[in-house]
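J.: Give me the fold of what follows.
(2 chains, ligands or ions: 2)
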Amino acid sequence: MKSVERVLKGDRLALARLLTQIENEDASGLEALSALYPHTGHAHRIGITGAPGTGKSSLVNRLALHLRQNGWSEQAEPEAETVAIVAVDPSSPFSGGAFLGDRIRMRDLYGDPGIFIRSMASRGALGGLARATVDMVEVLDAAGFAAILIETVGAGQAEVDIARMAHTVVVVDAPGLGDDVQAIKAGILEIADILVVNKADLPGAENTLRALQLVLELANTAQRTKPDAAARDVAPQPAWVPPVLPTVAIQGDGIVELAQAIHDHREHLDLSGEYAARERARVRTEMEELLRQQLLEGFLMHQPEGAFEAALELVLTKKKAPRQAVREMIEGKKR
Amino acid sequence: MTEKRLRILIAKPGLDGHDRGAKVIARALRDAGMEVIYTGLRQTPEMIAEAALQEDVNAVGLSILSGAHMALVPRLLELLEMQGQANVPVLIGGIIPDEDVPQLKKLGIKGIFGPGTSTDRVVESVRQAVQAAGAAQD
Ligand SMILES: Nc1nc2c(ncn2[C@@H]2O[C@H](COP(=O)(O)OP(=O)(O)O)[C@@H](O)[C@H]2O)c(=O)[nH]1
Ligand SMILES: [Mg+2]
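T.: Ligands and ions are numbered 1, 2, ... in the order given. Model (predicted):
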């Protein structure tokens, strides 16, 4: 396990190569991940999501700089945090290739050994993207980065899944993207712990802010009054109300407040017991998925050649119901 | 299920402000199924080397119009070697005077493309350079 030791010692080339192996689901990479797992669990994972062009990369750039200089909150003696960034952009559905341009906005982060930036293409696979991203984040966590910023384009289910595995989800909107609230898809608003209206220097920012605040208020009265069973049995703690923050990423305005809000949210998660509840739910889902996938693969491997295809045919021609076909496959009946 | 895709860094060192050529190449590589990490304008050799390391790329493509290649290229190659990436092929596109070509090839540059080179040729050269580097490593 040479690569594991090198990653733990802070060898950046070993880290970069392991990330590649994991992205390719290479067997030795996944083995290394298992060896690294006991070293994970220390990083604060922050998802940054939103429509293309809202300024996510520019915000990540500023936020990372701020964390390197001042840490999370304004203190007399700032404690710098190390920061890893995973920036995911869509693959081209036609060629399978990708143009990954997030680093263009992150040039201020160059030359700092406390920062590590990795670009990643979504590669089309629906569940696979979230899976690979989580695994890469685990490795960066084990490598010792205190904050991990995960930039995704808030569009599809895969991106929502990635954002969901973060501890804190920041949803970014900006004025001038058409209908203010439409710009943020309904499912994405629901997972937001913090809302940012970036490009607050542009006309229309006030309207976007107001519109989002309104939507949130409606959602709050509807939803957040319901007690959350998992979180409630720990300590009575007021529910988290997502703040709506204006920023100007290109100038750095509002970044201090954003860092503070992320810090506050993390504190809320810890105090309310929600952190433990979220982790439990996340890991449960992950294990169930792995179990399902491996049982399926193992089962199919031991089926006679073409058995599944034959059953599929029977279902497609309506001779059998899917449930029945599956049961008979499991029972090994002749069709 | 598992997909290995070539990851290529395209960088634009030097002080001139045009990256149209670099973007054309980036797009051609993407359309050929590669994952292109594009870092933007005014990259120093140090910035390029750092990106090449963090992104663990299979090759680096430079677009150089400023005429500073004889200073930039040796420095970049030196940095790549120092960080353990001597095997990562480096290719150059842009305006390179004929008399510099032998020297650059001697330094280890795997491809030099003048203005008007077809993108197909560039794509093919990148593919071959990556293959050759992989074969040399095994
Ligand atoms: N006016 C204005 N432009 C911004 C701001 N933040 C980012 N931009 C610009 O918006 C464009 C997209 O930014 P980028 O960070 O790449 O957005 P992403 O696609 O969400 O990652 C770039 O041209 C940025 O310079 C801002 O606060 N104000
Ligand atoms: Mg971006």
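J.: Show the residue spans covered by the strands in the stretch 51-200 of chain A.
T.: A:83-89, A:98-100, A:115-121, A:147-153, A:168-173, A:194-197 (DSSP state E, counting those that start in this stretch).
J.: Let me have those in a markdown table, extended by distance to A:His265 and mean neighbour count.
T.: All C-beta atoms are positioned from the backbone trio N, CA, C, and that covers glycine. Output for the strands of the stretch 51-200 of chain A, formatted as a markdown table (distance: least, C-beta to C-beta, whole Å; neighbours: other C-beta atoms under 10 Å in any protein chain shown):
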| stretch | distance to A:His265 | mean neighbour count |
| --- | --- | --- |
| strand A:83-89 | 17 | 25 |
| strand A:98-100 | 28 | 25 |
| strand A:115-121 | 22 | 25 |
| strand A:147-153 | 13 | 25 |
| strand A:168-173 | 5 | 26 |
| strand A:194-197 | 6 | 26 |
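J.: which one of the ones you listed lies closest to B:Arg27?
T.: With C-beta to C-beta as the measure, strand A:98-100 is the member of the strands of the stretch 51-200 of chain A nearest B:Arg27 (6.9 Å).
J.: In the sheet, which strands lie alongside that closest one, parallel or antiparallel?
T.: According to DSSP bridges, strand A:98-100 forms sheet pairs with strand B:35-38 (parallel).
J.: Would the strand it pairs with count as contacting ligand 1?
T.: No: against ligand 1, strand B:35-38 shows no contacts by C-beta under 6 Å from any ligand atom, the least distance being 11.6 Å.
J.: tell me the average confidence for that strand?
T.: Mean pLDDT, strand B:35-38: 97.
J.: do stretch B:102-110 as well
T.: 94.
J.: Output it as PDB, restricted to C-alpha atoms.
T.: Listed in PDB are the C-alpha atoms of stretch B:102-110, where the atom choice follows Å, rounded to 0.1, in the frame of the first residue of the first chain:
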ATOM      1  CA  PRO B 102      15.400  21.400 -33.400                       C
ATOM      2  CA  GLN B 103      16.300  22.800 -30.000                       C
ATOM      3  CA  LEU B 104      12.700  22.300 -28.700                       C
ATOM      4  CA  LYS B 105      12.600  18.700 -30.000                       C
ATOM      5  CA  LYS B 106      15.900  18.100 -28.300                       C
ATOM      6  CA  LEU B 107      14.400  19.300 -25.100                       C
ATOM      7  CA  GLY B 108      11.800  16.700 -25.400                       C
ATOM      8  CA  ILE B 109       8.800  18.500 -26.900                       C
ATOM      9  CA  LYS B 110       6.500  15.900 -28.600                       C
END
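J.: Centre of the chain to that stretch, how far?
T.: 13 Å (C-alpha atoms, centre = their mean, to the nearest Å).
J.: Repeat that for stretch A:105-114.
T.: Distance, centroid of stretch A:105-114 to centroid of chain: 21 Å (C-alpha atoms, centre = their mean).
J.: Please apply the same query to stretch B:71-81.
T.: The answer for stretch B:71-81 is 12 Å, by C-alpha atoms, centre = their mean.
J.: At the contact with chain B, which residues of chain A appear?
T.: A:12-13, A:16-17, A:19-20, A:24-26, A:91-92, A:94-101, A:103-104, A:107, A:110-111, A:116-119, A:121, A:123, A:125, A:128 (C-beta under 8 Å from any C-beta of the partner chain).
J.: The strands of the stretch 51-200 of chain A: which one's closest to A:Gly332?
T.: Evaluated over the strands of the stretch 51-200 of chain A, closeness to A:Gly332 peaks at strand A:115-121, with 41.7 Å, by C-beta to C-beta.
J.: State the paired neighbours of the closest one in the sheet, together with their directions.
T.: In the sheet, strand A:115-121 lines up with strand A:83-89 (parallel) (DSSP bridges).
J.: Now residue 101. Nearest residue, chain neighbours left out?
T.: Because you didn't say which chain, this covers chain A. Leaving aside its chain neighbours, A:Gly101 sits nearest to B:Tyr38 (4.8 Å; criterion: C-beta to C-beta, 6 or more residues apart in numbering or on different chains).
J.: my bad, chain B
T.: Per C-beta to C-beta, 6+ apart, closest to B:Val101 is B:Ile112, 5.8 Å.
J.: mind checking how far the one you found is from B:Glu124?
T.: 14 Å (C-beta to C-beta, to the nearest Å).
J.: Give me the buried subset of the residues of chain A next to chain B.
T.: Neighbour counting with 16 or more other C-beta atoms under 10 Å in any protein chain shown marks A:12, A:16-17, A:19-20, A:24-25, A:91-92, A:96-101, A:103, A:110, A:116-119, A:121, A:123, A:125, A:128 as buried within those.
J.: Pretty sure the residue nearest to A:Gly101 sits against A:Leu100.
T.: Yes: between B:Tyr38 and A:Leu100 there is a contact under C-beta atoms under 8 Å: 6.7 Å.
J.: What residues does chain B have near chain A?
T.: Residues of chain B lying near chain A (C-beta under 8 Å from any C-beta): B:1-5, B:7, B:26-27, B:29-40, B:46-47, B:50-51, B:53-56, B:83-85.
J.: about what we covered before: now the residue nearest to B:Val101: phi and psi?
T.: phi -130, psi 120 (degrees, to the nearest 10).
J.: distance of it from A:Ala64?
T.: 36 Å.
J.: Of the two, give the one with the bigger neighbour count.
T.: Set B:Ile112 next to A:Ala64 and count neighbours by other C-beta atoms under 10 Å in any protein chain shown: A:Ala64 wins out with 25 against 18.
J.: hang on, the earlier thing: please work out how many residues are found near the residue nearest to A:Gly101.
T.: So B:Tyr38, with other C-beta under 10 Å, has 26 neighbours.
J.: which element follows the helix or strand encompassing B:Ile92 toward the C-terminus?
T.: Assigned by DSSP states H and E, B:Ile92 belongs to strand B:90-94. Per DSSP H and E, the first helix or strand lying C-terminal to strand B:90-94 is helix B:101-107.
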